[in-house]
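Q: Quick one, fold the following:
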Amino acid sequence: MTLSKAELNAALKQWKPLVVGIAWKFRAKFAVIHEFDDIVAMGMVALWKALDEGLNYFLYFGFDTHMTSVLREVLPGKREQYVLATGAYNLIWGHQNLRKTLERRLRQLRTDYIDVFHFLGVTRREHFTPRVREELQAVRESGLVRGVSMSTHDRKFAAELVREGTLDAMMIRYNAAHVGAETDIFPYVGEAAGNPGVISFTATCWTQLLRDSSTALTRS
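A: Just a heads-up that it's a prediction; the model follows:
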């Protein structure tokens, strides 16, 4: 499916916004809430456009209905062309069952394997418990994934797990405002066995880097 600029603009005009007030960071803000069907439709438009532009890595959360529909259409006969990632959440007080989450995602996407399975949202080292470690290793050995990973803000901990062979990849925050991977991650990737992958998130620092660069602060 190839969308022209005119078709994309026409689709954008079909949004039906409802403006509601919400409290955010202790100040009155406004958010635009769209009808669910509109969100799904626009998500599908954006995804098809991304595919046309050559995107081949997809992080699937399970509730992103637009992605489910598009990927089910695209994957048959072309599975090897795409990298599918998903994962189970660290819930702070516990975590989703990794194996059950994996099996559910396989059913949703109608595929027989996932390329990268993440343990998502590790904010502290103690959240990566011995039980999580065991479950992740079991997923790794299941034959249903090609690699396991973890998303975290703790770059040094991610690098440790990669070096010791616990992870095949890591997902870290990295952008012009959040540097540090140059010293904490990149020098060690080449030393680790298995050629581990590095996936970055918040590339625009929640759109801050798309605004006036003079307001951007560099943080570690």
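Q: Does residue 124 touch residue 153 like I think?
A: No - if you go by CB atoms under 8 Å, residue 124 and residue 153 don't touch, sitting 9.5 Å apart. Backbone N, C-alpha and C define where each C-beta goes, glycine included.
Q: okay, these two: which has more neighbours?
A: residue 153 (15 against 12; other CB atoms under 10 Å).
Q: what pLDDT does that one get?
A: We have a pLDDT of 90 for residue 153.
Q: who's in contact with it?
A: By CB atoms under 8 Å, 6 or more residues apart in numbering, the contact set of residue 153 is 123, 172-173.
Q: Same list (those residues) but as CSV, adding distance to residue 165.
A: What follows is the contacts of residue 153, written out as CSV (distance: CB to CB, whole Å):
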residue, distance to residue 165
123, 23
172, 18
173, 23
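Q: Which among those residues count as buried?
A: In terms of neighbour count (16 or more other CB atoms under 10 Å), the buried residues within the contacts of residue 153 are 172-173.
Q: so which of the contacts of residue 153 comes closest to residue 42?
A: residue 173 (26.3 Å; CB to CB).
Q: Surely the closest one is in contact with residue 198?
A: No - taking contacts as CB under 8 Å, residue 173 lies outside contact range of residue 198: 11.6 Å.
Q: and the most centrally placed residue in the chain, what are its bridge partners?
A: What sits nearest the mean C-alpha location of the chain, by CA atoms, centre = their mean, is residue 59, with 4.2 Å. Assessed by DSSP bridges, residue 59 has beta-bridge partners residue 85.
Q: which residues touch stretch 75-82?
A: 56-58, 71, 74, 109-111.
Q: If we go by neighbour counts, what in it is buried?
A: Neighbour-count burial for stretch 75-82 [16+ other CB under 10 Å]: 75, 82.
Q: what about that stretch, average pLDDT?
A: 94.
Q: how far out from the middle of the chain is it?
A: 19 Å (CA atoms, centre = their mean, to the nearest Å).
Q: starting at the chain centroid, how far to the lengthiest helix in the chain?
A: Longest helix in the chain, counting residues (DSSP state H): helix 36-52. In terms of CA atoms, centre = their mean, the centre of helix 36-52 is set 17 Å apart from its chain centre.
Q: ditto for stretch 189-202
A: 15 Å.
Q: pLDDT averaged over that stretch, what's the number?
A: Mean predicted lDDT for stretch 189-202 stands at 79.
Q: can you tell me the distance between the two ends of it?
A: 21 Å (CA to CA, to the nearest Å).
Q: quick one, phi/psi of residue 96?
A: Residue 96 adopts backbone torsions of phi -70, psi 150, taken as degrees, to the nearest 10.
Q: begin at 23 from here
A: Sounds good: first residue 23 from here, last item residue 118.
Q: and it, how far is that from residue 66?
A: 26 Å (CB to CB, to the nearest Å).
Q: again with residue 113
A: 29 Å.
Q: Comparing these two, which shows the higher neighbour count?
A: A side-by-side neighbour count of residue 113 and residue 66, using other CB under 10 Å, places residue 66 first with 19 against 11.
Q: what helix or strand does the closest residue in space to that one that isn't next to it in sequence sit in?
A: What sits nearest to residue 66 in space, not counting adjacent residues and going by CB to CB, 6 or more residues apart in numbering, is residue 88, at 4.5 Å. Element membership for residue 88, per DSSP states H and E: helix 87-96.
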